[in-house]
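[1] let me see the structure of the following:
(chains A and B)
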Number of protein chains: 2
Amino acid sequence: MDVRALVEAKARAARDAARTLALCPTKIKNDALVLMAGGLVEKTAALLEANRADVERARSRGVARAFLDRLALSEARVEEMAQGLRETAALPDPVGTVVESWRRPNGLEISRVRVPLGVIAFIYESRPNVTADAAGLCVKSGNAVLLRGGSEAIESNTLIAAVLARALEKAGGPAEAIQFVETTDREAVAAMLELDGLLDLVIPRGGEDFVRWVAERSRVPVLKHDKGVVHVFVDATADPVMAAQIAVNAKAQRPGVCNALETLLVHRAIASTFLPLAGRLLADAGVELRGCPATRVLVPAARPATDADWDAEYLDLILAVRVVDDLDAALEHIRRHGTGLAEAIVTGDLGHARRFTREVDAAAVLVNASTRLVDGGQFGMGAEMGISTSRVHARGPVGARELTTTKFVVVGDGQVRD
Amino acid sequence: MDVRALVEAKARAARDAARTLALCPTKIKNDALVLMAGGLVEKTAALLEANRADVERARSRGVARAFLDRLALSEARVEEMAQGLRETAALPDPVGTVVESWRRPNGLEISRVRVPLGVIAFIYESRPNVTADAAGLCVKSGNAVLLRGGSEAIESNTLIAAVLARALEKAGGPAEAIQFVETTDREAVAAMLELDGLLDLVIPRGGEDFVRWVAERSRVPVLKHDKGVVHVFVDATADPVMAAQIAVNAKAQRPGVCNALETLLVHRAIASTFLPLAGRLLADAGVELRGCPATRVLVPAARPATDADWDAEYLDLILAVRVVDDLDAALEHIRRHGTGLAEAIVTGDLGHARRFTREVDAAAVLVNASTRLVDGGQFGMGAEMGISTSRVHARGPVGARELTTTKFVVVGDGQVRD
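    Have a look, this model is predicted:
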């Protein structure tokens, strides 16, 4: 079968299964999630064996150690995957929730009720645990899913998806609702993006160029998980210790992710107090600084920043630092260089906090908190498929609820239109 | 200037103005809407003159009378446009609404706040009043708008848009937030669809083929206002008089719109009671029937339906009628032939009402009410840009609120991630 026919057949099977899954009671979906967890644990030996093949292949191609680390499974990691599924089982079911309801003067009762989107295509990279996380969120939200993982993890992902589908069936749900595209042919992705009659949403996760490539050619609506050039602005009235702790956490707690800090903006009036302190703590955390001239006067160890640094998403222990004249200059810098994911201010000034949260246009704006907190789990929304930088449908962390749409249910007793 | 450069320049101007409009206080936006209404009334003579040119040109091309009627303005119609703008002024401002807010165990306060989408491109056809309605909803929701009306109404639309932009400026808002693409070159639409960095949403309104053409090629997210093959199912336990009144209203009250009834499904057990009555009332309303064999036994005046009738969106005083064996057969017919806009059941059976509303997948499902009620105004949501059949972002009537997105505002006192 050629790759386009294969992808279309899988999408069609998912579409059919989606109708059944959409009407599945909460109990069947939750039972399935628990059985999915149990299935993974039970198959640990086989999963580790499949994963070993992936890791060997990657190693023979000479990939970086960090990459191998993300790819490799262990007993503990399989248990983590299982635990994630159990936690998703414990989340509230978004399907059937009445978002709002009201009565019209003519007696018509109108309510808006959450229903699944239908079929979600999820395109992602190396880490095999993402397969379980994504399938779990889709089952919870009543959506069928067409999974397309990275070619490096093909053996691990194929087996994980098979185990999950079997567990879904065992719980009384439709096994076909979890589809894995087990070809490494890149044309498979292009084919998926043309299936606008069969797929309802595409979520691409990966590098900036890949996400843009998907968004530009997809006929299916896309929820982007995009680049994050994230700023923290340390205002004149910031508590310097709090600001330094936030900067260190936002930069160094996990530098390789989209909500990690990339550029620190510092109000000129606090620079001489704040920057030497922050410079020390950041250096202790292993962070390399690239500063504007005013920064380098106060932190001589900083290398000089170039224009390119203000737009860089390092995803690494590197931080650009710029001293700015005031809040307006900070807002203007963020407007020009921000990517609309997460932006923070550290301030003691209520008026500045209000201006910052109102005027900065991003999925999340924070006052006196680390940008690393922009996350479905940290927000209390449960697991997430990613953080959307799209403006339509869902913006910010994408959890089970964000994988639903709504329908209007209208009940009357013979009302007609005049 | 070539058409692509023209469209891009207008989109860029809209983008710049969008930032200002997004932060405009409610009072300025409402003042602007009232001044827009006043401006149109004041310019009535000039509007009628510009419109006369459009009507003359259309007449000389020999278009249908219904088309001319939709195109033609009168003093009363200008006043109606103005009244629509005043009503939009009176609606609540969606921008700044806190959709939800909660506190995390670590003391973080999280809220989700409505903000404008940014720049909306609206592509529509002949009726000039749509220009005022759409611009009004965009101003209300804080969005800049790039309007592309049909070429037939070019003179009317150009003047209306200019009057509205001037009024927005007079109120203290950015005139550039209302942009009208005053070329009739069709390439302008293609050019708009490529401006994914400048436009945030495209709403196409028009024929099925046009909407599909836009959805397939657009790089900008699309909210579809699609075909409506709308059904009413008359269940065995329906009140026959109520069912007949709903059928007549849904079909004949305004047959040329998307939420008008196209196929009537009748439970076999009630057919002999219901169909002769409904057949009479529908005939009185001037409706031509196309029936299945069982229908034609009871309503001999009905012409025979062919397979094509079950997928027809007549948008005219024609109705397909089919007798079905039971609720399951009705659900299956709707699943195969429905387009997911609006579907209704007339029934006295609570269990059937519950199954119908749960199992039918449409933007709106109705029990004992006319499908013509699926409308922003009838739902109490105010004016609408159309009825979305998209599943993402907004489904059903698209009012001012549906033209917004949200951002997370997170306030803490130094919280970091462990």
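
[2] surely A:L319 is in a strand?
    Yes - assessed with DSSP: H, G, I helix; E, B strand; the rest coil, A:L319 lies in a strand.

[3] surely it touches A:L282?
    Yes - if you go by Cβ atoms under 8 Å, A:L319 and A:L282 touch, sitting 6.4 Å apart. Using the backbone N, CA and C atoms, a C-beta is placed for each residue, glycine as well.

[4] okay, and the common contacts of those two?
    The contact sets of A:L319 and A:L282 overlap at A:247, A:251, A:289 (Cβ atoms under 8 Å, 6 or more residues apart in numbering or on different chains).

[5] give me phi/psi at A:V95?
    phi -70, psi 130 (degrees, to the nearest 10).

[6] hmm, back to that, more neighbours: A:L319 and A:L282, which one.
    A:L319 (30 against 25; other Cβ atoms under 10 Å in any protein chain shown).

[7] name the residues of the stretch 201-350 of chain A found near chain B, please.
    For the stretch 201-350 of chain A, the residues in contact with chain B (Cβ under 8 Å from any Cβ of the partner chain) are A:201, A:215-216, A:219, A:221-223, A:239, A:242, A:245-246, A:249-250, A:253, A:335.

[8] pull out the CA atoms of the longest helix seen in chain A and give them to me as CSV.
    In chain A, with assignment by DSSP state H, the single longest helix is helix A:3-22. Output of helix A:3-22 as CSV, limited to C-alpha atoms (Å, rounded to 0.1, in the frame of the first residue of the first chain):
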residue,chain,number,x,y,z
VAL,A,3,2.0,5.8,2.0
ARG,A,4,-0.9,8.1,1.1
ALA,A,5,-3.4,5.3,0.9
LEU,A,6,-2.1,4.0,4.2
VAL,A,7,-2.5,7.3,6.0
GLU,A,8,-6.0,7.8,4.5
ALA,A,9,-7.1,4.3,5.6
LYS,A,10,-5.9,5.0,9.1
ALA,A,11,-7.6,8.4,9.2
ARG,A,12,-10.9,6.8,7.9
ALA,A,13,-10.7,4.1,10.6
ALA,A,14,-10.1,6.8,13.2
ARG,A,15,-13.1,8.8,11.9
ASP,A,16,-15.4,5.8,12.2
ALA,A,17,-14.2,5.0,15.7
ALA,A,18,-14.5,8.6,16.7
ARG,A,19,-18.2,8.4,16.5
THR,A,20,-18.3,5.5,19.0
LEU,A,21,-15.7,7.0,21.3
ALA,A,22,-17.5,10.4,21.4
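
[9] average pLDDT for that helix, rounded please.
    Helix A:3-22 shows a mean pLDDT of 97.

[10] buried residues, the longest strand along chain A. List them.
    If you go by DSSP state E, chain A has its longest strand at strand A:404-415. Neighbour counts over strand A:404-415 (16 or more other Cβ atoms under 10 Å in any protein chain shown) mark A:404-412, A:414-415 as buried.

[11] widest-spaced pair of the residues you listed?
    Taking Cβ to Cβ, the two most distant members of the buried residues of strand A:404-415 are A:T404 and A:G414; they sit 31.2 Å apart.

[12] still on that earlier bit, so after the longest helix of chain A, what's the next helix or strand?
    helix A:26-42 (DSSP states H and E).

[13] which residues touch the following helix or strand past that following helix?
    Per DSSP H and E, the first helix or strand lying C-terminal to helix A:26-42 is helix A:44-60. Outside of helix A:44-60, the residues within contact range by Cβ under 8 Å, 6+ apart are A:40, A:67-68, A:71-75, A:78, A:128, A:152-156, A:158-160, A:163.

[14] if anything else comes up later, I'll come back, but that's it for now.
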